[in-house]
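Undergrad: Provided below are the primary sequence and the corresponding predicted coordinates.
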Amino acid sequence: MARAGSEVRSGGWRGLAPPPPMSEAQFERWVELVRRRTGMRLAPERKSFLVTSLAARMRELGCEDYDAYYALLTEGPRGAVEWALLVDRLTVHETRFFRHRPSFALIRERLLPQAPVPEALQPYRLQVWSIGCATGEEAYSLAIAIDEHLSRLGGRYYFGITATDISLSALATARRGRYPGKRLDRVSPDQRARYFRRVAPDTWEVVPELRKRVCFAQLNVLELARAPLAPMDLIFCQNVLIYFDRAQREAVLAEVVRRLAPGGMLVLGPGELVGWRHPELERVHYPDTLAFRRVARAGGGAA
Ligand SMILES: C[S@@+](CC[C@H](N)C(=O)[O-])C[C@H]1O[C@@H](n2cnc3c(N)ncnc32)[C@H](O)[C@@H]1O
């Protein structure tokens, strides 16, 4: 286990002793580190959340001092490993299948009907990206909605979903694709029968045919400029940017738009970035949703 300096002592802080107090200066320093590395803005009222999250991890390490733990996190390869563990505790992974139903209705009614009729010579291809996919429910919901639609059409088709998140532990759960029955409350009986199989009394696993359509990868949305992603026909970004300040949301979305194919659709959470405009996007109006389509430039290409 990683250790930093003399202040990180094995067993130095035991049991359920309250976390050590955090000064305002220390809080500011941690807020800045988290903001710089994840985009998340920790408001003053979230200080107790930060303290509890740090304390839980520091307790495991036997570290009693926030500054010593800060040093451990920010130094060298050991710091990178430790950061990957801490970030799981600082990020919110709440999600569910078909979480925002109007957004799924939107893609069923406005995006998928554009799939060509089965007689088309080329197989229909759809590339999808789920940003901030957490434990995978959003990505598998997209796969189910798309597969249901395209298989009904009966033609040749291919779709692939790239699902990314900053949290390695969330991604590991996503890749396993196993969920307790109560998490499937929005999955219809037909969908459950077709896209899941029971692997334990209360555990359902996404069938391999659907799992192989989804590729999970770690990606920090603050580092999109370095991400080699193909042009996407559909990008889903919900409940990720709400933790960022407005300037950062806009900066991330500018990079996201660059990865949207001409005619492709960007579906945000309804409160993700109210009042936002982008010169290459036109708003798609559909009740209770916040969605855009990338306009193709005259002459065929997009910027
Ligand atoms: C509340 S979940 C949203 C899950 C899903 N999109 C939904 O709406 O149900 C937010 C996810 O964003 C991820 N996240 C937070 N900051 C991130 C960043 N900088 N880069 C990539 N993912 C991030 C978290 O790890 C978490 O899994």
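TA: On my side now, so go ahead.
Undergrad: going forward, measure contacts and count neighbours with C-alpha atoms only.
TA: Will do.
Undergrad: Kindly provide the distance from residue 272 to the ligand.
TA: 10 Å (C-alpha to the nearest ligand atom, to the nearest Å).
Undergrad: now residue 202
TA: Taking C-alpha to the nearest ligand atom, one finds residue 202 at 22 Å from the ligand.
Undergrad: Residue 183 is in contact with that residue, correct?
TA: No. Counting by C-alpha atoms under 8 Å, residue 202 does not reach residue 183; the two are 10.3 Å apart.
Undergrad: residues in contact with the residue lying closest to residue 132 once chain neighbours are set aside?
TA: Sequence neighbours aside, residue 165 is the residue nearest to residue 132 in space, at 4.5 Å (criterion: C-alpha to C-alpha, 6 or more residues apart in numbering). Shown in contact with residue 165 (C-alpha atoms under 8 Å, 6 or more residues apart in numbering): 131-134, 171, 217-220.
Undergrad: and what of residue 213?
TA: Counting by C-alpha under 8 Å, 6+ apart, residue 213 has contacts 143, 159-161.
Undergrad: please redo it, this time with the cut-off set to 10 Å
TA: By C-alpha atoms under 10 Å, 6 or more residues apart in numbering, residue 213 lies in contact with 139-140, 143, 147, 158-162.
Undergrad: Helices - which of those residues land there?
TA: 139-140, 143, 147 (DSSP state H).
Undergrad: Compare those and tell me which is most surrounded.
TA: When neighbours are taken as other C-alpha atoms under 10 Å, the top entry among those is residue 139 (29 neighbours).
Undergrad: What's the separation between that residue and residue 171?
TA: 11 Å (C-alpha to C-alpha, to the nearest Å).
Undergrad: And for residue 241?
TA: Residue 241 sits 18 Å away from residue 171, going by C-alpha to C-alpha.
Undergrad: Kindly report the same for residue 162.
TA: From residue 162 across to residue 171, the span is 12 Å (C-alpha to C-alpha).
Undergrad: Once you drop chain neighbours, what's closest to residue 294?
TA: Distances taken as C-alpha to C-alpha, 6+ apart put residue 281 closest to residue 294, at 4.5 Å, once the chain neighbours are dropped.
Undergrad: check contacts around the spatially most central residue of the chain.
TA: Compute the mean C-alpha point of the chain, and by C-alpha atoms, centre = their mean the closest residue is residue 132, 0.8 Å away. The neighbours of residue 132, taking C-alpha under 10 Å, 6+ apart as the test, are 93, 138-139, 163-167, 170-171, 218-221, 236-241.
Undergrad: if we go to 8 Å?
TA: Applying C-alpha under 8 Å, 6+ apart to residue 132 gives the contacts 163-166, 237-240.
Undergrad: Likewise for residue 204?
TA: Counting by C-alpha under 8 Å, 6+ apart, residue 204 has contacts 178-181, 196-198.
Undergrad: Could you look up the SS state of the nearest residue to it once chain neighbours are set aside?
TA: Using C-alpha to C-alpha, 6+ apart and skipping the chain neighbours, the partner closest in space to residue 204 is residue 198 (4.5 Å). Taken by DSSP: H, G, I helix; E, B strand; the rest coil, the conformation at residue 198 corresponds to strand.
Undergrad: Tally up the residues packed near residue 198, please.
TA: Counted with other C-alpha under 10 Å, residue 198 comes out at 17.
Undergrad: How about residue 161?
TA: Residue 161: 23 surrounding residues under other C-alpha under 10 Å.
Undergrad: Dig out what it forms beta bridges with.
TA: Beta bridges link residue 161 to residue 128, residue 214, judged by DSSP bridges.
Undergrad: In this structure it contacts residue 125, no?
TA: No. Using C-alpha under 8 Å as the test, residue 161 is too far from residue 125 to be in contact (11.2 Å).
Undergrad: follow-up on the earlier one: give me the local confidence score for the residue nearest to the centre of the chain.
TA: We have a pLDDT of 97 for residue 132.
Undergrad: distance of it from residue 282?
TA: Relative to residue 282, residue 132 is positioned 23 Å away (C-alpha to C-alpha).
Undergrad: Okay, buried residues for the helix or strand harbouring residue 257 please.
TA: Assigned by DSSP states H and E, residue 257 belongs to helix 246-258. Neighbour counts over helix 246-258 (16 or more other C-alpha atoms under 10 Å) mark 248-250, 252-253, 255-258 as buried.
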